[in-house]
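Student: Make a model of this:
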Amino acid sequence: MTAKTLIATALIALSAAAVPAFAQSYSHLDPITQSQKSRAEVLADLEIYRESGLAAVDRTEDFDLSAGQRAKAQARYAELKSSPTYAALVQRFAAKDAKGSTTEGVSAR
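Tutor: Alright, predicted model coming up:
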């Protein structure tokens with residue numbers, strides 16, 4: 001046997017042994033879990049995320065500029081999340097869901 005034949009045989013054997021390992025390591029069937037938040041809570045959270053300025057900060061690519069802005073926006077987000085505004089938004093979206101409006105609050109900004 002020549003060196004080329006030995007190398008080719010070794011590579012084929014190694015690749016054949018590696019295929020089952022790759023096939024078993026990935027599962028595309030992720031388990032589906034029930035959300036812990038209602039649709040109204042998610043929409044209200046999205047609304048205060050936008051209102052706090054976090055959405056605008058996340059869209060920027062200038063990390064130096066956004067460091068201070070991010071801290072301010074996160075503080076504003078936390079303030080809004082714990083305020084009566086968040087609870088009012090949840091109630092508003094829940095009432096709209098009860099009426100059958102399924103697209104309110106989902107528009108891209």
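Student: can you list the weak-confidence ranges in this structure?
Tutor: For the chain, applying pLDDT under 70 flags the ranges 1, 16-28, 62-66, 101-109.
Student: what's the spacing between the residue nearest to Arg70 when sequence neighbours are not counted and Ala75?
Tutor: Of all residues not flanking Arg70 in the chain, Val57 sits nearest, at 4.9 Å (C-beta to C-beta, 6 or more residues apart in numbering). For the C-beta atoms, the positions are set from N, CA and C on the backbone; glycine is no exception. Noted for Val57: a distance of 12 Å to Ala75, by C-beta to C-beta, to the nearest Å.
Student: Neighbour count for those two, which is higher?
Tutor: Shown here are Val57 and Ala75; by other C-beta atoms under 10 Å, Val57 has more neighbours (18 against 11).
Student: Could you check how far that one is from Val42?
Tutor: Noted for Val57: a distance of 20 Å to Val42, by C-beta to C-beta.
Student: do Ile7 as well
Tutor: Separation of Ile7 from Val42 (C-beta to C-beta) stands at 57 Å.
Student: who's more crowded, those two?
Tutor: The neighbour count for Ile7 versus Val42, taken as other C-beta under 10 Å, is higher for Val42 (15 against 10).
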